[in-house]
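Asks: Let me see the structure of the following:
(2 chains)
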Amino acid sequence: MQHLDDGLLHALVDGEVASTELAAIQEHLDRCAECRSRLDDARQMASESGTLIELIEVPTRSPADTGVRSRRTGSRRSWIRPAMLAASLVLAVGLGYAGGVWRSPPAASLAAPIIDTVFVPAESDRQAAERPAPVPSRTQTVMRQPPPPPAEADQQADRTRAEPLNRAIAPPQAQARQRSTDSMAASARSLGFRLRDSTLRLEELVVTGTAAKPESATTIRARSEQLAAGRRTAKAVEAPAAPAPAATLEERVVTTVAATQPVTFIEAVALLGGQIRLIDGLVPNRLEVIGRAVRVIYALQGGELVLEQRRDADSIAIVLTAPWLSADSLGRLQQKIR
Amino acid sequence: MTSFLADLFSQYHSSLVRVIYRRTGDRDRAEDIAQEVFARAAVAPPRNPRPWLFAVALNLIREEGRTESRRGRLLELYRHERPRLAPTPDDELERSERAAMVRAALETLTPRDREALLLKAEGFNYDEIAATLGLAKGAIGTTLARARKRLIEAYRAQEEEAKRHAAS
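Replies: Numbering: from 1, shown residues only, chains lettered A, B, ... in the order given. The predicted structure is shown next:
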């Protein structure tokens, strides 16, 4: 007896068999217990696979999403995926440091999208305010909260809250910050990479992020502290008497070929020729450079995940490493590299 | 937006995003690709929209995959035991873990089989699946039979492994 093949049984279950063929099929099923059993199996499989697939739902955006999606014309995706505001924020803090003057927000504003509450220039620093802004005014448009005139109590409170974020920026000396910013811009320019460009990219990042939970602010701040603590340019700020600007990026890279060195976001992007790859949905813990390669390091529950990238002649070589992860998990993370 | 495009959009956009998301696991990318698809439909309105929209979307996904591998990405893999799943999760966590397992199980299918399954889940009939994927209608039943069997096997294997980890 010729049994019904699997394709036909599934077509039967899906209602795709023409009525003209049904009579013969029914006659066979009446005689063949095995095919009846296989038809039941097919029905069960169709139902179960449908249920499984329905488990995969498109994640909805939270109500606090900005709703503004910045797109580059002519390309399908931005070179940096603005998937998580937290990631944007950590990177943006790097730029913010170069911009010189930041303070942490009043606690009440933590409920608002994080980007609003962090990018506020320290109004109390009058010297910095009077000085021509080192970062082009375009960054000013990114900040959503206009700096409020600080009452004395607010200033005090702000200084206290600003402490963790600004520790590496340390003594609030406008001159030192200006030097640091100038040296950063000089480094960037020496590599043919204008600070303005990185600011533009930052704006793409900041306007397309999603809101993070308030408790993430602490995590983000802690991570930004780690980033800030590792920066070499922090030393230039903490030694205000030093007249010379920090070594250019090229100088630092040449002298640190054999060892990893912490690096700022701007430096990393410049080193990679204007692009940096990140993993969608994960927040970088820190950035390092070794030789001419940039390492984006993620601290996950099981260990560290290292996304190393190096610019070659006409491409970027990328290596994703996490010895503690399975090949499947690593493969899935690889899919998320943007 | 023309009326035709507006109708097309309201009818198919969320379904398109859903299929692309299930295929890629990336919501932003799904929306980007869907937008690209509708942009192309605006320029050259298709006569048979549904299979056209989904075929273009699936092709775009494939094209992007090829471009990325041309850039010479390197990947170092180390074999190690799977990371533990969270113990006694609440309903939402359990659901998202199960969804992750389904996505992983889908990855074990060939692209064709996976696409056929996703289109079927979206309510496509065999004619539409055949037109979208460029297959003969007679082959769809067999394709789905194979895909369903494989998905369920792969999912159950993951469930077993998850239970073993939870127990240990």
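Asks: count of neighbours near residue A:338?
Replies: 20 (other Cβ atoms under 10 Å in any protein chain shown). To be clear about C-beta, it is placed using only N, CA and C from the backbone, and glycine gets the same treatment.
Asks: quick one: contacts of the longest helix anywhere in chain A?
Replies: Ranked by residue count, the top helix of chain A under DSSP state H comes out as helix A:33-54. Contacts to helix A:33-54, defined as Cβ atoms under 8 Å, 6 or more residues apart in numbering or on different chains, come from residues A:3-4, A:6, A:9-10, A:12-14, A:28-29, B:22, B:102, B:105-106, B:117-118, B:120-121, B:144-145, B:147-149, B:151-152, B:155.
Asks: wait, residue B:148 sits on residue A:13?
Replies: No. The pair residue B:148 and residue A:13 does not pass the contact test of Cβ atoms under 8 Å, sitting 9.6 Å apart.
Asks: Those two: which is more packed in?
Replies: Each of residue B:148 and residue A:13 has its neighbours counted (other Cβ under 10 Å); residue B:148 has more, 28 against 22.
Asks: now the more buried one: how far from residue B:139?
Replies: 15 Å (Cβ to Cβ, to the nearest Å).
Asks: Can you get me the start-to-end distance on stretch A:265-276?
Replies: Distance across stretch A:265-276, first residue to last, is 9 Å (Cα to Cα, to the nearest Å).
Asks: Next, the buried residues of that stretch.
Replies: When burial is assessed from 16 or more other Cβ atoms under 10 Å in any protein chain shown, stretch A:265-276 yields the following buried residues: A:265, A:266, A:267, A:268, A:269, A:270, A:271, A:272, A:274, A:276.
Asks: centre of the chain versus the helix or strand of chain B with the lowest mean pLDDT, how much separation?
Replies: Scoring the helices and strands of chain B by mean pLDDT, DSSP states H and E places helix B:49-70 at the bottom, with a mean of 81. Relative to the centre of its chain, helix B:49-70 is centred 11 Å away, using Cα atoms, centre = their mean, to the nearest Å.
Asks: and that helix, what other elements does it pack with?
Replies: If you count contacts as 3 or more Cβ pairs under 8 Å, 6 or more residues apart in numbering or on different chains; DSSP states H and E, helix B:49-70 packs onto helix B:3-24, helix B:27-43, helix B:111-121, helix B:126-133.
Asks: just to revisit the earlier point, can you flag which of the contacts of helix A:33-54 belong to helices?
Replies: Secondary structure from DSSP H places A:6, A:9-10, A:12-13, A:28-29, B:22, B:102, B:105-106, B:117-118, B:120-121, B:144-145, B:147-149, B:151-152, B:155 of the contacts of helix A:33-54 in helices.
Asks: which stretches of chain B have low pLDDT?
Replies: B:1, B:66-90 (pLDDT under 70).
Asks: which stretches of the stretch 201-338 of chain A form helices?
Replies: Assigned by DSSP state H, counting those that start in this stretch, the stretch 201-338 of chain A shows helices spanning A:214-230, A:233-238, A:249-255, A:265-271, A:327-335.
Asks: Okay then, goodbye and thanks.
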